[in-house]
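Undergrad: below: sequence and its predicted model.
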Amino acid sequence: MNENDRIETTIQESKFISRDLSWLKFNDRVLDQAKHIDRNIFDKLKFQAITASNLDEFFMIRIGSLYNYIDFGKERVDYSGLRGAPFKKRLFEEIHKFADDQSAFYLKKLKPEFQKNGFTIGSFDELSDEEKGKVKEYFKKTIFPMLTPMVYDSYHTFPWLRNLAISFGVVTCRQSDELDRKKLSFIQIPSNLPRFFELERQDMIVFIPIEEVIRPFIHKLFRNIHIQSVTMFRITRNGDFTLDESDDIEANFLEELRRKLKTRKTGRVVRIEVKKGTDEWVLKTLKNRWGLEDDNIFSLDEQDMFNYASFWSIIGHSEFKNKLVKPHKPVRPVSFPQMGTDDIFEVLKDKDILLHHPYNDIEPLLELLERSAEDPKVLSIKLTIYRLAKESRVTAALLKAAENGKHVAVLFEVKARFDEENNLKEAKRLQNAGCFVIYGIQDVKTHTKLLLIVRKEGEKVTRYVHMSSGNYNETTSRLYTDWGIMTSNEIYAHDVSEFFNAITGHSLPRIYHYLITAPKDMRQQLIDLIQREAENAQNGLPSGIVIKLNSLQDKKMIKELYAASQAGVPVKLIIRGICSLRPGRKGLSENIQVLSIVGEFLEHSRVYYYHNNGDPKIFGGSADVMVRSFDRRIESLFLVVDPFCKKEIINLLAYNLRDNVNSYNMKEDGDYEIKTSEGESPFNIHKEFFKVTKEIVENASLF
């Protein structure tokens, strides 16, 4: 048996699917969305751009994490059963396959469609003389003064090159020098330059990548010397600093975080993207400098381009920004009164309101916050923030509340990956306005989404609560599927108040009535609910589990789901991304079905449904079944108690299981196949949820 066969056998014999290999399968499904023939070119570009951003983050975080182990000599055994070197070999093989597929789709399918859609991405050599003159003028006046050649030789240290930036490696020598006297210089494209230079041709826009503006004029930076070669490349650095985070985060925490952010930008290189035919001496120099192997090198076709994520510049162009498929206009929440008062406080005194985004607008929640900021009866507002929209109405409302003398307490998670700098800035604004700001909790992230408003109404105080799976972010609420509940239920209010006291002070609540929290006991409580379903099945009682998540990776939970399957419990999992559980294996998981839904909206909601012998227990919140969610994050899941809201969630899950347009079945070997819909009418949840009625909800069922 050769090495590849041994690796494959080890992977297939494992009871678990590799987290990283599973993630790559997810990006395959995103790329598959770009390949749908019924999408227009701009929607195809959108999904291609998403796959590129995903892959950049994968290299920065997951490959970065792998190199944390490699560089520090730590042994790591993957869920697949593979150790360091074999796992790295298999992982990079899969990444290269994906990158090749991504490139082939761009070159063979996307690029040929550009011209008939009113644009093209061109190179300098393809331009007319007049167009070349415009490019030259742009280079001369705008770009040339910004460029800085940085020579690397025995007298000059190797320059620092930015993460995810395109650079040039230029080999030069004096005409009289021998070959061994050649020198290498680097030129990095400034980050504040537009990605494309635009030219107009009658009814067409020509987008010239910025590297194509610079490449023909490189010689302008090297006077009186001979240029032997010009190599364009883009590097990706390790952006995972979790292994280095200090356990002793006190007064110096913010400065520590700033240092970590700098580390992300200057961390070790884990990938180099180069154009084919690059100078081998340059490439060898880069590999030796950064301790890289052939696996780390990704060669692009000459007609290919760096960074497909830059397609957003085309999609968002004034000529094309209206060409993306427009989602339906959000509809009124089914649970919201159709007649009578629209006073949000009065509505919530009467009933719980479930908001399902983007099908329902986030406006009722924003109205609740903005009304609270102005209402003299409101005494205090407490809120957790993980990611904010730009020009956030949430921040504006909190600032207004503080200005009006209300007590405002905000827990800002400044370790929210890639949003750290924005969160630090927004937190500082609130703190300067007089808000009580908590910058995270020691070495755990606060990921839960909770809002508490305290209002004095006559002789009594009423507390209003919002609990959600999604961020307090107006932008993502139009793009991500999330759900949450607004309520004045006193039991929720008690639990959320206790939870905030635990976060902001030195409190350890003994019991929550409707909340399950982490890192306290979330994993165990969810396991207890699984075990109850297994007992019911063994006793001949009805049973069933339906769970909808972003990711499922925690081994303890997976083992309990396997045990439930073996006890006869039907288990249906709707997992958008990573799934380390292996479904449908004889004797292990025959009763487990795994679906993944990838489509127009990003599936972001989390739901935990347990049949409970006909009296369903349903929880929602922001926690996935991940080790980090249970052990290294402050999380909460809330029990849904309102009978109609429970029916809404049952319908949410039933619709997800019924979808046959955006759904993929996970196979036992970890691969995915498109869910077939033979004999069925198309059912696309990203359209059908806009049509939900009260009658549909009342008739919803799962088992």
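TA: Looks like it arrived, so ask away.
Undergrad: so where's the stretch 1-150 of the chain shaky on pLDDT?
TA: Judged by pLDDT under 70, the stretch 1-150 of the chain has its weakly predicted residues at 1.
Undergrad: please enumerate the helices of it.
TA: For the stretch 1-150 of the chain, the helices defined by DSSP state H, counting those that start in this stretch cover 3-13, 19-34, 41-57, 64-71, 84-105, 129-138.
Undergrad: can you list the residues that contact stretch 151-166?
TA: 56, 60, 150, 167, 183-186, 188-189, 191, 210-211, 232-237, 239, 264-267, 285, 289, 306-307 (C-beta atoms under 8 Å, 6 or more residues apart in numbering). C-beta here means a position set from N, CA and C on the backbone, and glycine is covered the same way.
Undergrad: out of the helices of the stretch 1-150 of the chain, nearest to Ile485?
TA: Of all those, it is helix 19-34 that lies closest to Ile485, at 28.5 Å by C-beta to C-beta.
Undergrad: report the angle between the axes of that closest one and helix 41-57?
TA: 170 degrees (axes from the mean of the first three to the mean of the last three C-alpha atoms, to 10 degrees).
Undergrad: kindly format the C-alpha coordinates of helix 19-34 as PDB.
TA: In PDB, the C-alpha atoms belonging to helix 19-34 read as follows (Å, rounded to 0.1, in the frame of the first residue of the first chain):
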ATOM      1  CA  ARG A  19     -12.700  20.000  10.200                       C
ATOM      2  CA  ASP A  20     -10.400  21.500   7.600                       C
ATOM      3  CA  LEU A  21     -11.200  19.100   4.800                       C
ATOM      4  CA  SER A  22     -14.900  19.600   5.600                       C
ATOM      5  CA  TRP A  23     -14.400  23.400   5.300                       C
ATOM      6  CA  LEU A  24     -12.900  23.000   1.800                       C
ATOM      7  CA  LYS A  25     -16.000  21.000   0.800                       C
ATOM      8  CA  PHE A  26     -18.100  23.900   2.000                       C
ATOM      9  CA  ASN A  27     -16.200  26.300  -0.300                       C
ATOM     10  CA  ASP A  28     -16.800  23.800  -3.100                       C
ATOM     11  CA  ARG A  29     -20.500  24.300  -2.500                       C
ATOM     12  CA  VAL A  30     -20.100  28.100  -2.600                       C
ATOM     13  CA  LEU A  31     -18.200  27.800  -5.900                       C
ATOM     14  CA  ASP A  32     -21.000  25.600  -7.200                       C
ATOM     15  CA  GLN A  33     -23.400  28.500  -6.700                       C
ATOM     16  CA  ALA A  34     -21.300  30.600  -9.100                       C
END
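Undergrad: follow-up on the earlier one: now which of the contacts of stretch 151-166 would you call buried?
TA: 56, 60, 150, 167, 183-186, 188-189, 210-211, 232-237, 239, 264, 267, 285, 306-307 (16 or more other C-beta atoms under 10 Å).
Undergrad: let's see which of those residues end up in helices.
TA: Using DSSP state H, the members of the buried ones among the contacts of stretch 151-166 that fall within helices are Asp56, Ile210, Glu211, Arg264, Thr285.
Undergrad: what's the closest non-adjacent residue to Ile503?
TA: Leu411 (5.7 Å; C-beta to C-beta, 6 or more residues apart in numbering).
Undergrad: no wait, Gln525
TA: For Gln525, the spatially nearest residue (C-beta to C-beta, 6+ apart) is Ile516, at 4.8 Å.
Undergrad: burial count for that neighbour?
TA: 23 (other C-beta atoms under 10 Å).
Undergrad: point out where the stretch 151-300 of the chain drops to low pLDDT.
TA: Residues of the stretch 151-300 of the chain that meet the cut-off, pLDDT under 70, sit at 175-180, 241-265.
Undergrad: where do the strands sit along it?
TA: Assigned by DSSP state E, counting those that start in this stretch, the strands in the stretch 151-300 of the chain fall at 166-173, 183-188, 196-201, 204-209, 226-237, 269-275, 297-300.
Undergrad: next one: the stretch 501-650 of the chain
TA: 515-518, 545-549, 571-575, 592-597, 602-603, 606-610, 617-621, 633-639.
Undergrad: with mean pLDDT added, can I get the ones you listed in JSON lines?
TA: Shown next, in JSON lines, are those (pLDDT from 0 to 100):
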{"stretch": "strand 515-518", "mean pLDDT": "93"}
{"stretch": "strand 545-549", "mean pLDDT": "98"}
{"stretch": "strand 571-575", "mean pLDDT": "98"}
{"stretch": "strand 592-597", "mean pLDDT": "98"}
{"stretch": "strand 602-603", "mean pLDDT": "96"}
{"stretch": "strand 606-610", "mean pLDDT": "98"}
{"stretch": "strand 617-621", "mean pLDDT": "97"}
{"stretch": "strand 633-639", "mean pLDDT": "93"}
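Undergrad: what is the nearest of the ones in helices among the buried ones among the contacts of stretch 151-166 to Ile511?
TA: For these, the nearest to Ile511 is Arg264 (40.2 Å; C-beta to C-beta).
Undergrad: ok, the closest residue to Met467 other than its chain neighbours - contacts?
TA: The shortest distance from Met467 to any non-neighbouring residue, by C-beta to C-beta, 6+ apart, is to Phe638 (4.5 Å). By C-beta under 8 Å, 6+ apart, the residues touching Phe638 are Met467, Ile485, Tyr492, Asp495, Tyr514, Leu515, Ile516, Phe619, Gly620, Gly621.
Undergrad: what do you get if the cut-off is 10 Å, keeping everything else the same?
TA: Neighbouring residues of Phe638 by C-beta atoms under 10 Å, 6 or more residues apart in numbering: 448, 450, 465, 467-469, 484-485, 487, 492, 495-496, 512, 514-516, 618-621.
Undergrad: likewise Leu292?
TA: Ile235, Arg268, Val269, Val270, Arg271, Ile272, Leu283, Leu286.
Undergrad: cool, Leu451 as well?
TA: 365, 368-369, 372, 381-385, 394, 464-468, 472, 484, 486, 496, 500.
Undergrad: now swap in Glu600 and tell me
TA: 33, 39, 43, 46-47, 324-325, 327, 358, 479, 481, 661-662, 684-687.
Undergrad: just the buried ones from these, in ChimeraX syntax?
TA: If you want just the buried ones from the contacts of Glu600 in ChimeraX, going by 16+ other C-beta under 10 Å, the selection is:
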select :33,39,43,46,47,324,358,481,661,662,685,686
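Undergrad: so which of the contacts of Glu600 sit within helices?
TA: Gln33, Asp43, Lys46, Phe47, Ile685, His686, Lys687.
Undergrad: ok, Ser372 touching Tyr464?
TA: Yes: in this structure, Ser372 is within contact of Tyr464 by C-beta atoms under 10 Å, at 7.8 Å.
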